[in-house]
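Trainee: Sharing a model prediction with you, sequence too.
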Amino acid sequence: EPEVTQTPSHQVTQMGQEVILRCVPISNHLYFYWYRQILGQKVEFLVSFYNNEISEKSEIFDDQFSVERPDGSNFTLKIRSTKLEDSAMYFCASSVPDNEQFFGPGTRLTVL
Amino acid sequence: QKEVEQDPGPLSVPEGAIVSLNCTYSNSAFQYFMWYRQYSRKGPELLMYTYSSGNKEDGRFTAQVDKSSKYISLFIRDSQPSDSATYLCAMRSSGSARQLTFGSGTQLTVLP
């Protein structure tokens, strides 16, 4: 069964460093998403991406964040200058239009 | 008032019990309703996906949506220890807005 994959599973970084989280969405899906979940809190939407551009973003997704689909299979989330409060699980998801969103296993980001 | 409210539990039941999980919401624009299961430090796994009001059954799982009351439910019949997880409700409006709004999750333990 096709699934969303994410790498790395765990990323440790120093405050102020840039990190790139990678995702491979399900191959025939057209919409891609990033969500995050701070430990003990609810899953929060960050951004959605369709046709090579951002279609929606939340207040969390400020200028420190960017997304890119660098090739036909990968979808990345970049955090330019990480803060302590960016420590969270980051989930990638993908969907076909108006259908279910399928989530990847997540990347645990720890900012020291 | 929070947009989506979910009783965090924890909820503990004996094996074989019927489990009822619920969410209420305030945004009348929500049209699509989902239930995800999340094991500790893993990605949300889609269980049920429904559009508008009504019931949907899949094996031991039944999802109910009552839009007039802004209330959704997930029933698990013949619960198993492997059902022990956190259950997340999620919802979104129709049209171009595809971001999911999640509840905080209900932690369920099924005792053998």
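Mentor: Cool, the structure landed. Numbers count the residues shown, from 1 in each chain, chains lettered A, B, ... in the order given.
Trainee: Can you list the low-confidence ranges for chain B?
Mentor: B:1 (pLDDT under 70).
Trainee: Ramachandran angles for B:Asp83?
Mentor: B:Asp83 adopts backbone torsions of phi -80, psi -10, taken as degrees, to the nearest 10.
Trainee: Next, work out how far apart the nearest residue to it once chain neighbours are set aside and B:Pro81 are.
Mentor: Nearest non-adjacent residue to B:Asp83, counting by Cβ to Cβ, 6 or more residues apart in numbering or on different chains: B:Val110, 5.0 Å away. Bear in mind the C-beta positions are built from the backbone N, C-alpha and C, glycine included. Between B:Val110 and B:Pro81 the computed distance is 5 Å (Cβ to Cβ, to the nearest Å).
Trainee: Between the two, tell me which one has more neighbours.
Mentor: Neighbour count, other Cβ atoms under 10 Å in any protein chain shown: between B:Val110 and B:Pro81, B:Val110 has more, with 20 against 10.
Trainee: Output the helix or strand hosting the more buried one as PDB, restricted to C-alpha atoms.
Mentor: For B:Val110, the host element (DSSP states H and E) is strand B:106-111. C-alpha atoms of strand B:106-111 as PDB (Å, rounded to 0.1, in the frame of the first residue of the first chain):
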ATOM      1  CA  THR B 106      -8.600  11.100  23.400                       C
ATOM      2  CA  GLN B 107      -6.200   8.600  24.900                       C
ATOM      3  CA  LEU B 108      -7.800   5.100  25.000                       C
ATOM      4  CA  THR B 109      -6.500   2.000  26.800                       C
ATOM      5  CA  VAL B 110      -8.200  -1.300  26.200                       C
ATOM      6  CA  LEU B 111      -7.300  -3.700  29.000                       C
END
